[in-house]
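Colleague: requesting a structural model of the entry that follows:
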Amino acid sequence: MNICAKIAALSIATLFSGAIAAPNPNFHIYLAYGQSNMAGAGGIENGDQVPHDRFLMISGVDCSSRKGNTDIKLSKGKWAKAVPPMFHCYEGLSVADYFGRNMADSLPGITIGIIPVAVGGTSIKLFDKDQWQSYYSTAADWLQSWARDYDPNGNDYAAIIALGKKAMEVGVIKGVIFHQGESDGADQNWQKTVHKTYADMLNEWGLAEEDVPFVAGEMLQTSNACCASKNNGVRGLKDYFKKFGVASSQGLGGIDVYHFDHNGYVTLGKRYAEQMLKLIDRTVDPNAPPVDVEDPNNSTVPDEPPEEYGPYVNVIQIPGTVEAENYNKGGSNKAYLDNDKTNQGAQYRGDQVDIYMAGMGMAIGYTQAGEWLKYSVSVSEAGDYDISANVSGTNGTGSFVLYIDDTRIGDEIVTPVGPDYDTYVEVKGGKASLTAGTYELKLEITSDWVNIDWVKFTKSTTNKIASNLSSNLNQQFNGKYTVYDLCGTQIGFIQLDKANLHIAKQKILGLTQETGVFLLKSSQQNILVNVQK
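Modeller: From the prediction side, this is the model:
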């Protein structure tokens, strides 16, 4: 849909449904956090403070004046052109400065935004939502003062979350850059805590680790550097992240035992960008408007009107197969409920439901208890139906139940223990007595991690047999009949002349010496007979 059409759609949606604008997919935002080498200790040259036309920052601090020659003021939670110092009013050049510039230069059509939060000398604990308070309460006065630049209580984790949510109103968080460890990178739990801070942030933002790469930077490696031995720990972070890169500090100069020099920050920023570019999706949306660098809030993409609730393709017929991925249109809380806002499988449909390729078709995966899907179905014939489902899983506990218009039907369907999530088996789901008509079928996950390909409703054969047997009570048998068991095996022949059902049963029993249900087949009729001694 072109921009004019989207604007028209927004007008309609706003009038009738209260729809709001969506983030601009061409505004790529990166969190930058850590300690002093991220905050910036490099000298600022005049060229560093010339703004790039596609590089912005959302400020975490208030600055009426700043170091150097820039006259760009900063206000918390507001966007500004990104020039150093970005993290505090009077610090220096950071790796984030030339990371952002190189990203923008490498991605024509994309605007880069930085969320800058860093505190010199800090432990990783300051960014851990479960440890920040105890750490902050015993930290040096100067460190507490820097931490309060972002949050009045020194809760810089909360500051990051708030800035991230604000940034996501207008753009897309695409990755994280990190430089920290001089203070505590040798601690036994440092790597786990680094990952925890990242994972907790993504969880609060509703993002998946697969979609947000993490790039860490090595510490200074000059001959007198304090902390080069901790770089093994930085490189070892790869074992904790799903998408990870390391920006090497090899060959870079320093101004003291901790900090890089100006050229070191420039080169290290470029190396961060090189790593991130290997990990992200570089797609440019041709339909999105350019990002307004003066006010990115003017650059959001109007939402299309919400889908009308109803069947995805056609009303699904019962008896028949309900393909799990063909749940109704209508969006979250109407057609489906998915606990994770990210589309984990990213196949077939573009909403929050996790769909992925399964063999030759599609399946619902990454399921969690409490999630549900709805389908519009039409039962063509009243009667009893057998339920089955094609499922996969590895834990033996993943399960779901079915409802027809909020009335529970069938049994809970539990996936057996399988070798992987790509091996599907058909599992029975009990029976349901259905009345002809159009209904809403609801599939609700009751235990995590069951993948669902389809659910099938088959007209039960037991009632057909019973009906046929009862209709045979007054049947008269004439002629030669071939006798079959219900496996289709031919037993033999019997001759009946104006015989009633009782005589037919005696003849069958004499032939087979067995009880059970048998099929009598002649040139004139096919009849089921239940033989008991």
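Colleague: use CA for all of it now, contacts and neighbours both
Modeller: Noted.
Colleague: Ser460 - how many residues pack around it?
Modeller: 17 (other Cα atoms under 10 Å).
Colleague: what pLDDT is listed against it?
Modeller: At Ser460, the model reports a pLDDT of 87.
Colleague: and the closest residue to it other than its chain neighbours, how far is that from Val315?
Modeller: Taking Cα to Cα, 6 or more residues apart in numbering, and ignoring the residues beside it in sequence, Ser460 has Tyr385 as its nearest neighbour in space, at 4.8 Å. Separation of Tyr385 from Val315 (Cα to Cα, to the nearest Å): 18 Å.
Colleague: those two: which is more packed in?
Modeller: Taking neighbours as other Cα under 10 Å, Tyr385 and Val315 compare with Tyr385 leading, 22 against 17.
Colleague: shouldn't the more buried one be within a strand?
Modeller: Yes: assigned with DSSP: H, G, I helix; E, B strand; the rest coil, Tyr385 falls within a strand.
Colleague: list the contacts for it?
Modeller: Contact partners of Tyr385, counting by Cα atoms under 8 Å, 6 or more residues apart in numbering, are Pro319, Lys431, Ala432, Ser433, Leu434, Phe457, Thr458, Lys459, Ser460.
Colleague: what about the fourth one, distance to Gly154?
Modeller: For Ser433, the distance to Gly154 (Cα to Cα) stands at 62 Å.
Colleague: after the longest helix belonging to the chain, next one along is what?
Modeller: Longest helix in the chain, counting residues (DSSP state H): helix 262-279. Downstream of helix 262-279, the first helix or strand assigned by DSSP states H and E is strand 316-318.
Colleague: partners of Phe244 in the sheet?
Modeller: Phe214 (DSSP bridges).
Colleague: count of neighbours near it?
Modeller: Residues near Phe244, counting by other Cα under 10 Å, number 21.
Colleague: residue contacts, it?
Modeller: Phe244 sits next to Pro213, Phe214, Val215, Ala216, Leu237, Lys238, Leu279 when contact means Cα under 8 Å, 6+ apart.
Colleague: coming back round to it: neighbour count for Ser433 and Gly154, which is higher?
Modeller: Gly154 (21 against 13).
Colleague: I'd like the average pLDDT over stretch 130-149.
Modeller: Here the average pLDDT along stretch 130-149 is 97.
Colleague: tell me the gap between that stretch and the middle of its chain.
Modeller: With Cα atoms, centre = their mean, to the nearest Å as the basis, stretch 130-149 stands 34 Å off its chain's centre.
Colleague: and for stretch 508-521?
Modeller: When distances are taken as Cα atoms, centre = their mean, stretch 508-521 is centred 58 Å away from the chain's centroid.
Colleague: give me the buried positions along that stretch.
Modeller: Across stretch 508-521, burial judged by 16 or more other Cα atoms under 10 Å covers Ile508, Leu509, Val517, Phe518, Leu519, Leu520, Lys521.
Colleague: now swap in stretch 162-181 and tell me
Modeller: Buried, per 16+ other Cα under 10 Å, within stretch 162-181: 162-164, 167-168, 170-181.
Colleague: strands - which of those residues land there?
Modeller: When DSSP state E is applied, those are split such that Val172, Ile173, Lys174, Gly175, Val176, Ile177, Phe178, His179 fall in strands.
Colleague: let me have those residues in CSV, extended by distance to Leu31.
Modeller: Output for those, formatted as CSV (distance: Cα to Cα, whole Å):
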residue, distance to Leu31
Val172, 11
Ile173, 8
Lys174, 9
Gly175, 7
Val176, 5
Ile177, 6
Phe178, 8
His179, 11
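Colleague: same list (those residues) but as TSV, adding pLDDT and distance to Gly393.
Modeller: Listed next are those as TSV, based on pLDDT from 0 to 100; distance: Cα to Cα, whole Å:
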residue	pLDDT	distance to Gly393
Val172	95	33
Ile173	96	32
Lys174	97	31
Gly175	98	31
Val176	98	32
Ile177	99	35
Phe178	98	36
His179	98	39
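Colleague: which of the contacts of Tyr385 count as buried?
Modeller: Pro319, Lys431, Ala432, Leu434, Phe457, Thr458, Lys459, Ser460.
Colleague: just to revisit the earlier point, the longest helix of the chain relative to strand 172-179, how many degrees between them?
Modeller: 140 degrees (axes from the mean of the first three to the mean of the last three Cα atoms, to 10 degrees).
Colleague: show me what counts as buried in stretch 130-143.
Modeller: Buried residues in stretch 130-143 (16+ other Cα under 10 Å): Trp132, Gln133, Tyr135, Tyr136, Leu143.
Colleague: and Val379, backbone torsions?
Modeller: Dihedral pair for Val379: phi -90, psi 120, per degrees, to the nearest 10.
Colleague: for it, what are its contacts?
Modeller: Contacts of Val379 by Cα under 8 Å, 6+ apart are Gln317, Ile318, Pro319, Leu434, Thr435, Ala436, Gly437, Thr438, Tyr439.
Colleague: what's the distance between the second one and Leu279?
Modeller: Pointing back at Ile318 there. Separation of Ile318 from Leu279 (Cα to Cα): 46 Å.
Colleague: re earlier: with secondary structure and distance to Ala199 added, can I get the contacts of Tyr385 in CSV?
Modeller: As requested, the contacts of Tyr385 are exported to CSV (DSSP: H, G, I helix; E, B strand; the rest coil; distance: Cα to Cα, whole Å):
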residue, secondary structure, distance to Ala199
Pro319, coil, 45
Lys431, strand, 43
Ala432, strand, 43
Ser433, strand, 47
Leu434, strand, 46
Phe457, strand, 42
Thr458, strand, 45
Lys459, strand, 48
Ser460, coil, 49
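Colleague: any chance of the residues you listed in JSON lines, plus distance to Gly479?
Modeller: As requested, the contacts of Tyr385 are arranged in JSON lines below (distance: Cα to Cα, whole Å):
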{"residue": "Pro319", "distance to Gly479": "37"}
{"residue": "Lys431", "distance to Gly479": "39"}
{"residue": "Ala432", "distance to Gly479": "40"}
{"residue": "Ser433", "distance to Gly479": "39"}
{"residue": "Leu434", "distance to Gly479": "40"}
{"residue": "Phe457", "distance to Gly479": "39"}
{"residue": "Thr458", "distance to Gly479": "35"}
{"residue": "Lys459", "distance to Gly479": "33"}
{"residue": "Ser460", "distance to Gly479": "31"}
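Colleague: closest to Thr122 out of those?
Modeller: Nearest to Thr122 among the contacts of Tyr385, counting by Cα to Cα, is Phe457 at 60.9 Å.
Colleague: can you give me the helices in this structure?
Modeller: Using DSSP H, helices in the chain cover 3-17, 36-39, 95-106, 132-138, 141-148, 156-167, 190-205, 231-235, 262-279, 462-471, 501-512.
Colleague: my guess is Gly92 contacts Ala41, does it?
Modeller: Yes: in this structure Gly92 lies within contact range of Ala41 using Cα atoms under 8 Å: 4.5 Å.
Colleague: which pair in the contacts of Phe244 has the greatest spatial separation?
Modeller: Taking Cα to Cα, no two of the contacts of Phe244 sit farther apart than Leu237 and Leu279, at 15.7 Å.
Colleague: show me where pLDDT drops low in this protein?
Modeller: Scanning the chain for pLDDT under 70 picks out 1-21, 301-306, 341-347, 358-360, 462-474, 533.
Colleague: quick one, domains of it?
Modeller: Following automatic domain parsing, the chain resolves into domains at 24-296, 316-460, 473-531.
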